[in-house]
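Chemist: structure of the sequence below:
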Amino acid sequence: MPLPYSSSGRIELTSDVNAQQIDSKVVKAIVDALTKKRARNVQQNGNQITFRAGVRIVDNLNLLLPITSGEISIFVEGTRIIIRYNIRFTEFFIFTLLLVFGGGFALGDLRSRGLAFLAIVWLVLFGINVLLALIRFPWFLRSSVTKALHLEPDSWIF
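Modeler: Okay, the predicted model is just below:
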């Protein structure tokens, strides 16, 4: 399912490090970074990582706040490191929908203007958080890997 429920992406980096060292360092760096951000059920199977985040009590600056779950795959081709990811927003979609519209209906009489207002509030609440996650998640992965491999930002391929 595409947006607003999920999103996929790809990141490429270059390194002069041995491919076997890259695999283990990159996977460990990403697993450690996800754990530090309080992801749950972080599991690794070879070069595949899965995790759950979901709606939970974290500060509102937590990168994983709107992300329900995700899969990350790491591939090494020569000196290129390719990271593919798929993240889902389904729980946050439902949570914000219930929060905004449930709260609106609990407050009382909602005519067309009230519903339109609630729709805009929901769109802003959900949309901005998802947009920030779409920008920050690839940066988070890239940053985790570049720190682990001691890569310079100049070696990033966009």
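Chemist: which element is the residue positioned nearest the centre of the chain on?
Modeler: In the chain, the residue lying closest to the centroid (Cα atoms, centre = their mean) is F137, at 4.5 Å. Following DSSP states H and E, one finds F137 within helix 112-149.
Chemist: how far off centre is that helix?
Modeler: In terms of Cα atoms, centre = their mean, to the nearest Å, the centre of helix 112-149 is found 9 Å from the chain centre.
Chemist: name the helices or strands packed onto it?
Modeler: strand 6-14, helix 19-36, strand 80-88, helix 90-97, helix 103-107 (3 or more Cβ pairs under 8 Å, 6 or more residues apart in numbering; DSSP states H and E). (Glycine included, C-beta is placed from N, CA and C.)
Chemist: possible to save those as a markdown table with mean neighbour count, distance to A116 and mean pLDDT?
Modeler: Below are the helices and strands packed on helix 112-149 laid out as a markdown table (neighbours: other Cβ atoms under 10 Å; distance: least, Cβ to Cβ, whole Å; pLDDT from 0 to 100):
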| stretch | mean neighbour count | distance to A116 | mean pLDDT |
| --- | --- | --- | --- |
| strand 6-14 | 16 | 27 | 91 |
| helix 19-36 | 17 | 38 | 84 |
| strand 80-88 | 19 | 28 | 93 |
| helix 90-97 | 17 | 15 | 88 |
| helix 103-107 | 12 | 11 | 68 |
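Chemist: quick one, which of the ones you listed gets closest to L65.
Modeler: Of all the helices and strands packed on helix 112-149, helix 90-97 sits nearest to L65, with 7.3 Å by Cβ to Cβ.
Chemist: could you export the closest one as PDB, CA atoms only?
Modeler: The C-alpha atoms that make up helix 90-97 are tabulated as PDB, following Å, rounded to 0.1, in the frame of the first residue of the first chain:
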ATOM      1  CA  THR A  90      -1.000   2.400   9.600                       C
ATOM      2  CA  GLU A  91      -1.300   2.700  13.400                       C
ATOM      3  CA  PHE A  92      -0.500   6.400  13.400                       C
ATOM      4  CA  PHE A  93      -3.100   6.900  10.600                       C
ATOM      5  CA  ILE A  94      -5.800   5.200  12.700                       C
ATOM      6  CA  PHE A  95      -4.600   6.800  16.000                       C
ATOM      7  CA  THR A  96      -4.700  10.400  14.600                       C
ATOM      8  CA  LEU A  97      -8.000   9.700  12.800                       C
END
